[in-house]
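Visitor: how would this look folded up:
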Amino acid sequence: MNPEVPADARYDFVAMIPQQAAHCLPFIHRFKTLLIGGAAIPQKLRHVLVKHPGCYETYGMTETLTHIALAPVSDPPAPFKTLEGIRVSQSVEGCLNISAPHITDELIKTNDLVNCLDEQTFYFFRPKRSCHQFWRTKIIPRADRANIGRTNPSTLFCDQTKRHHLW
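Guide: Numbering: from 1, shown residues only. Next up is the predicted model:
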């Protein structure tokens, strides 16, 4: 992944996943607004991005069809603020519930642990279970190796013996 950006190019709006943003750090000053989503921003990358105004991280999921909240990239992370028409609440288990009437009439119940400050603002902590979505691949740490062959082929099992870094 080696992005080619013309030397004089400037962009008003760019959307990327964290891995793409990491590879574009030499050009980041050319982006007026950078929207980062699809995965959590690694701390090392976050530390660099906080120096660039106009960087935002998003919260979204397949069930909402789009991003439903955003926050400026900061360290420590800022709370997410929902987009217009979206309301959030916290379940008894501490998971995020999303009300998005323009998407569905049903309450969207997530497995993401959060702290809701009000119906439009929340801190995201982590998924309730140890399962992470990265693009179209589910990554399940410390999974039972006996079940590897019986799972969806787009599921990747990891253990703590090997560490893989995206950048």
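
Visitor: Quick check: which ranges of this structure have low pLDDT?
Guide: Residue ranges of the chain with pLDDT under 70: 1-5, 62-64, 129-167.

Visitor: which strand of it spans the most residues?
Guide: strand 108-118 (DSSP state E).

Visitor: Report the strands that pair with that one, each with its relative direction.
Guide: strand 95-99 (antiparallel), strand 121-127 (antiparallel) (DSSP bridges).

Visitor: With respect to burial, which of those scores highest?
Guide: Across those, averaging neighbours per residue (mean count of other Cβ atoms under 10 Å) puts strand 95-99 on top, at a mean of 20. For glycine as for every other residue, the C-beta is placed from the backbone atoms N, C-alpha and C.

Visitor: what comes into contact with it?
Guide: 64, 68, 86-91, 107-114, 116, 122, 124, 128 (Cβ atoms under 8 Å, 6 or more residues apart in numbering).

Visitor: Please state the offset of that strand from the chain centre?
Guide: Put simply, strand 95-99 sits 16 Å off its chain's centre (Cα atoms, centre = their mean, to the nearest Å).

Visitor: show me where the protein has strands.
Guide: Going by DSSP E, the chain shows strands at 11-16, 31-36, 55-60, 67-72, 80-82, 87-90, 95-99, 108-118, 121-127, 132-134, 137-141, 155-158.

Visitor: Looking at those strands, which is nearest to Gln43?
Guide: strand 55-60 (12.7 Å; Cβ to Cβ).

Visitor: Could you list the residues in contact with the closest one?
Guide: With Cβ under 8 Å, 6+ apart, strand 55-60 has contacts from 28, 33-37, 41, 49, 66-73, 77, 80, 124.

Visitor: Please apply the same query to stretch 80-94.
Guide: Contacts of stretch 80-94 (Cβ under 8 Å, 6+ apart): 59, 67-71, 96-102, 109, 113-116, 119-124, 128.

Visitor: repeat that for 6 Å
Guide: Stretch 80-94 is contacted from outside by 59, 68-69, 71, 96-100, 102, 113, 116, 119-122, using Cβ atoms under 6 Å, 6 or more residues apart in numbering.

Visitor: what two of these are the furthest from one another?
Guide: Going by Cβ to Cβ, the pair spanning these furthest: His102 and Leu113, at 25.7 Å.

Visitor: of the two, who's got more company?
Guide: More crowded of His102 and Leu113, by other Cβ atoms under 10 Å: Leu113, with 18 against 7.

Visitor: Phi and psi next, for the residue at minimal distance from the centre of the chain.
Guide: The residue lying closest to the centre of the chain (Cα atoms, centre = their mean) is Ala39, at 3.6 Å. Dihedral pair for Ala39: phi -170, psi 160, per degrees, to the nearest 10.
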